[in-house]
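S.K.: based on what follows, work out the 3D shape:
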Amino acid sequence: MHISKLESLKRREFLRRTAALGMAGSASSLALSLAGIGEAAAQSAQDYKALVCVFLYGGNDHDNTFVPFDNTSHTVYQTLRDVGGDASTKIYIPKSELTGLSTIGLPSGRQYAVQRAMSSLAGLYEAKNMGILLNVGPLVKPTSKAEYTNAKSGDLPPKLFSHNDQFSLWQSGLIEGAEGATSGWGGRLGDMFLGSDKKAHFTCINVAGNAVFMSGQNFLPYQVTSKGPVAISSINYSSGVYGNAACKAALNTLLSKSPSHWMEKEWARMVKSSIDNRQSVTTGLDLSSAAGFFITPFGTENLPAQLQLVARMIHGRANLDVTRQVFFVSLGGFDHHDNLKAAHAGTDGNSGLLKKLNDAMYSFYKATEQLGVANQVTTFTASDFGRTLSSNGDGSDHGWGSHHMVMGGAVDGGKFWGKAPDLSNTANALNGPDTIGQGRLLPSTSVDEFAAALARWMDVDEDQLPTVLPNYKAFQVPGRTLPKIFGV
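M.R.: Residues are numbered from 1 along each chain as shown. Modelled structure (predicted):
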């Protein structure tokens, strides 16, 4: 990229261009110091709250996560998933292997259940610390089945059923962006709190690698691994000491200079900030570094390790000087076109992806209780899309709407929010008023509305929601209300 008139460039534009050019790698703490740049919104927060997104990459099968359990619905579900002569191709879960959930929020006679792999989360649900939002997904505007059938260009999200486009839509909330989106509603939510967080670098923290969800309009997220912050390349920095003598000398020389050019000054500031930030995070993590610190242990696999790191950072939040935080973690492997039953819940119904999700989220919730912040931390799941209710022989195909969990002490849990899809007969379940063929759900709640409910809990004012969610205004119409996740 050619840049002319360097002397006249604004400092902020310089930082934007350096980030775009990759002068500071996305995995490096150096890049993460950009988080403090940008004008802060007028948002002010005096207490602490954190929002944690658990993204399930691949498109989670919601029908085998929250299984239709009343007799009528389960019969329809079983009929559409009982195909082939081999037991391995029968992807339904028998009623005898399910645990029914309380039915608050559901139409009379309707019920959902979970497999034993999710027994701990079922316990949190019954304890009213978790709830389930039914049939949520990306929409351009409120859309009925007739409007879907007669949709014109621009009426529907672009490239439906495409992994990259749909998880980008979920994370960005930008209909026009699809796969090319450059900011997400988690990051734009973080933009709202730059003014109230003294160390704004730590407002948005990504533990799962690059994700558009965490990029704001004014800064990039602070990225860490499940083991902690990333050091600047070539510098072995431990306990406040640079291990490499040559690097130490070179860096000290550069940082001790008093450059006259503002770009040199800005470079030195960013490097110094990166070093200081890493030390702040490391010091905060040291508060919970001892083995066995958490009463309910975390597993050692990827998702529990990520959530344990989040819990440790929340524990050390005083050292980070923040009042609002957004975290992002993820678990992959949910694209089950085949081998659904075994991969999703394990061949024994208790060792697959659902078990990993169950154990990690439960350990995290118990950690927030131990730290005394259960009412101040809300965790939710999201995914590329839901899947077809009909079987393809050994799995399910790409869908649209899906059911998702929201967990936390502030959650008005033990209930379902949103609209339960019609499963009264196989015709409606496949292509009725709530579905668009093969049992793909037509979302009744938009991601914008889901995100707005979470943002309001984070104390974003109603008139600021369009800044976080540019498409939210399309859903501010008579007869539509935000899901009452927090009972308000």
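S.K.: next, name the residue at the spatial heart of the protein.
M.R.: What sits nearest the mean C-alpha location of the chain, by C-alpha atoms, centre = their mean, is residue 53, with 2.6 Å.
S.K.: check which helix or strand covers it.
M.R.: strand 49-56 (DSSP states H and E).
S.K.: now for the nearest residue to residue 482 once chain neighbours are set aside, how many residues are close by?
M.R.: In space, residue 482 comes closest to residue 453 once its chain neighbours are excluded; the distance is 4.4 Å by C-beta to C-beta, 6 or more residues apart in numbering. In short, each C-beta sits where N, CA and C put it, glycine included. Neighbours of residue 453 under the rule other C-beta atoms under 10 Å: 21.
S.K.: and residue 282, by the same measure?
M.R.: Other residues close to residue 282 by other C-beta under 10 Å number 19.
S.K.: I'd say it and residue 229 touch.
M.R.: Yes. The pair residue 282 and residue 229 qualifies as a contact (C-beta atoms under 8 Å) at a distance of 6.3 Å.
S.K.: looking at this, residue 72 is in a helix?
M.R.: Yes. With DSSP: H, G, I helix; E, B strand; the rest coil as the criterion, residue 72 is located in a helix.
S.K.: where does residue 136 fall, phi/psi-wise?
M.R.: Dihedral pair for residue 136: phi -110, psi 140, per degrees, to the nearest 10.
S.K.: mind listing what the residue nearest to residue 442 when sequence neighbours are not counted touches?
M.R.: Excluding the flanking residues, the one nearest residue 442 by C-beta to C-beta, 6+ apart is residue 436, at 5.2 Å. Contact partners of residue 436, counting by C-beta atoms under 8 Å, 6 or more residues apart in numbering, are 145, 148, 400, 442.
S.K.: quick one: contacts for residue 66?
M.R.: Under the criterion of C-beta under 8 Å, 6+ apart, the neighbours of residue 66 are 101, 112-114, 132, 403.
S.K.: need the max-distance pair from those.
M.R.: 113 and 403 (12.4 Å; C-beta to C-beta).
S.K.: quick one, which of these two is more surrounded?
M.R.: residue 403 (23 against 19).
S.K.: now that one: which helix or strand?
M.R.: strand 402-407.
S.K.: contacts for that strand?
M.R.: With C-beta under 8 Å, 6+ apart as the criterion, strand 402-407 contacts 59-60, 62, 65-66, 121, 124, 129-137, 361, 365, 378-383, 385-387, 413, 441, 450, 454, 485.
S.K.: among those residues, which lie within helices?
M.R.: Those of the contacts of strand 402-407 mapping onto helices are 121, 124, 361, 365, 450, 454, per DSSP state H.
S.K.: buried ones among the residues you listed?
M.R.: 121, 124, 361, 365, 450, 454 (16 or more other C-beta atoms under 10 Å).
S.K.: would a markdown table of those residues with distance to residue 419 and pLDDT be doable?
M.R.: Output for these, formatted as a markdown table (distance: C-beta to C-beta, whole Å; pLDDT from 0 to 100):
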| residue | distance to residue 419 | pLDDT |
| --- | --- | --- |
| 121 | 22 | 98 |
| 124 | 23 | 98 |
| 361 | 25 | 98 |
| 365 | 27 | 98 |
| 450 | 13 | 98 |
| 454 | 19 | 98 |
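S.K.: kindly reformat those as CSV containing distance to residue 299.
M.R.: Converted to CSV, those look like this (distance: C-beta to C-beta, whole Å):
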residue, distance to residue 299
121, 15
124, 17
361, 11
365, 14
450, 28
454, 26
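S.K.: between those residues, which is nearest residue 311?
M.R.: Nearest to residue 311 among these: residue 365, at 9.7 Å, using C-beta to C-beta.
S.K.: do a quick rundown of the strands in the stretch 251-400 of the chain.
M.R.: 324-331, 377-383 (DSSP state E, counting those that start in this stretch).
S.K.: which stretches in the stretch 51-200 of the chain count as strands?
M.R.: Under the criterion DSSP E, counting those that start in this stretch, the stretch 51-200 of the chain contains strands at 67-68, 98-100, 112-115, 130-137.
S.K.: strand partners of the longest one, parallel vs antiparallel please.
M.R.: Taking DSSP bridges as the criterion, strand 130-137 forms sheet pairs with strand 402-407 (antiparallel), strand 416-417 (parallel), strand 445-446 (parallel).
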